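Visitor: What shape does this take:
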Amino acid sequence: MKNELFKPQGLVKNANRRQFLKAGSLSVAAAGLIMVGCKDVEDRDPIPPMEGVMLGSGDIGILNYAYALEQLEAAFYAAVMQGSYFANASAEEKTIMGDLEKHERAHREFFKAALGDAAIADLEVDFSAIDFSNRTSVLGAAKTFEDLGVAAYNGAGQYIENVDYLLIAGKIVSVEARHAAAIRDLINPGSADFAGDDLIDANGLERTLNFTEVLTAASSFVTTPIDFSQLPS
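Guide: From the prediction side, this is the model:
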């Protein structure tokens with residue numbers, strides 16, 4: 001990746017925003033090739049039915065955690081595509097939102113296929129707090145979801161034991177980070193907000209959030225109860 005993509009002036013150009021996101025989509029495809037050889041996930045016993053969903057333990061629990069977040073993001077962008085904001089958006093923003101919707105849908109389907117019978121059920125979501133006719137509301141929500149996703153993967157990575165899963169998580173979080181940067185640049189074009197102090201510490205490291213912090217934040221939009229008590233801590 002060229003260094004200029006990480007400078008404010010590199011992101012504000014319309015062509016570069018799309019190029020920035022397009023490069024990230026290659027990570028999704030690459031991750032799929034790796035997961036073909038990881039069939040041990042599908043051999044696990046299915047999670048027993050319960051009220052709500054139980055993520056499970058170990059690597060399976062973490063993959064289900066990621067799957068839950070990808071379900072939320074995919075559902076959000078699907079709703080964006082149906083709203084009047086998207087219908088009236090500029091060609092550039094339609095392209096970017098279309099790319100993000102495709103990526104999040106690919107992430108969701110990737111985890112669903114990889115987990116097999118161990119995958120949690122589809123989550124029920126509630127986006128009534130988001131005005132899908134309003135640009136500020138939609139982009140603000142997108143910023144929340146993308147920043148949350150990056151922090152969630154960063155926080156969970158330390159607990160992943162299987163190196164193949166860790167590699168996949170690294171590929172996906174890089175895509176989520178591209179999404180977050182693109183959305184922030186749409187909100188504040190030409191600013192340094194895409195790598196602001198609210199995300200990056202004095203050591204140049206991205207923030208992390210733990211399982212409780214992430215799922216508490218997500219509970220504002222997910223109505224299905226999620227039991228994550230078996231996740232590592």
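
Visitor: wait, what's in contact with the most centrally placed residue in the chain?
Guide: Nearest residue to the geometric centre of the chain (C-alpha atoms, centre = their mean): Gly149, 4.3 Å. Taking C-beta atoms under 8 Å, 6 or more residues apart in numbering, we find Gly149 in contact with 69, 73, 173, 176, 179-180. Just so you know, the C-beta spots here come from the backbone N, C-alpha and C atoms, and that holds for glycine as well.

Visitor: do that again at 6 Å, thanks
Guide: 69, 176 (C-beta atoms under 6 Å, 6 or more residues apart in numbering).

Visitor: So which bits of the helix or strand hosting it are buried?
Guide: If you go by DSSP states H and E, Gly149 is part of helix 135-156. For helix 135-156, the neighbour count (16 or more other C-beta atoms under 10 Å) marks 135, 138-139, 141-156 as buried.

Visitor: what ranges do the strands span in the chain?
Guide: 53-54, 226-227 (DSSP state E).

Visitor: Return the most buried member of these.
Guide: Mean neighbours per residue, mean count of other C-beta atoms under 10 Å, is largest over the strands of the chain for strand 53-54, with a mean of 20.

Visitor: which helices and strands does that one pack with?
Guide: The helices and strands touching strand 53-54, judged by 3 or more C-beta pairs under 6 Å, 6 or more residues apart in numbering; DSSP states H and E, number zero.

Visitor: List the neighbouring strands of it plus their orientation.
Guide: strand 226-227 (parallel) (DSSP bridges).

Visitor: same question for the strand it pairs with, mean pLDDT?
Guide: What strand 226-227 shows for mean pLDDT is 97.

Visitor: related to what we said a few turns ago, can you redo the strands of the chain as TSV with distance to Asp126?
Guide: Shown next, in TSV, are the strands of the chain (distance: least, C-beta to C-beta, whole Å):
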stretch	distance to Asp126
strand 53-54	16
strand 226-227	14
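
Visitor: The ones you listed: which one's closest to Leu186?
Guide: strand 226-227 (30.0 Å; C-beta to C-beta).

Visitor: next one: the closest one to chain centre, how far?
Guide: With C-alpha atoms, centre = their mean, to the nearest Å as the basis, strand 226-227 stands 19 Å off its chain's centre.

Visitor: what's the answer for stretch 154-171, then?
Guide: Distance, centroid of stretch 154-171 to centroid of chain: 14 Å (C-alpha atoms, centre = their mean).

Visitor: Isn't Asp227 up against Gly56?
Guide: No: counting by C-beta atoms under 6 Å, Asp227 stays clear of Gly56, with 9.2 Å between them.

Visitor: Contacts only, for Ala151.
Guide: So Ala151 contacts 207-209 (C-beta under 6 Å, 6+ apart).

Visitor: Now list the buried members of the residues you listed.
Guide: 208-209.

Visitor: got the CA positions of stretch 211-222 in PDB?
Guide: Only the C-alpha atoms of stretch 211-222 are listed here, as PDB (Å, rounded to 0.1, in the frame of the first residue of the first chain):
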ATOM      1  CA  PHE A 211     -16.000  -8.700  24.800                       C
ATOM      2  CA  THR A 212     -18.200  -7.100  27.400                       C
ATOM      3  CA  GLU A 213     -17.600  -3.600  26.100                       C
ATOM      4  CA  VAL A 214     -18.300  -4.600  22.500                       C
ATOM      5  CA  LEU A 215     -21.400  -6.600  23.100                       C
ATOM      6  CA  THR A 216     -22.800  -4.000  25.500                       C
ATOM      7  CA  ALA A 217     -22.400  -1.400  22.700                       C
ATOM      8  CA  ALA A 218     -23.900  -3.800  20.200                       C
ATOM      9  CA  SER A 219     -26.900  -4.500  22.400                       C
ATOM     10  CA  SER A 220     -28.400  -1.100  21.500                       C
ATOM     11  CA  PHE A 221     -29.100  -2.600  18.100                       C
ATOM     12  CA  VAL A 222     -29.300  -6.400  18.700                       C
END
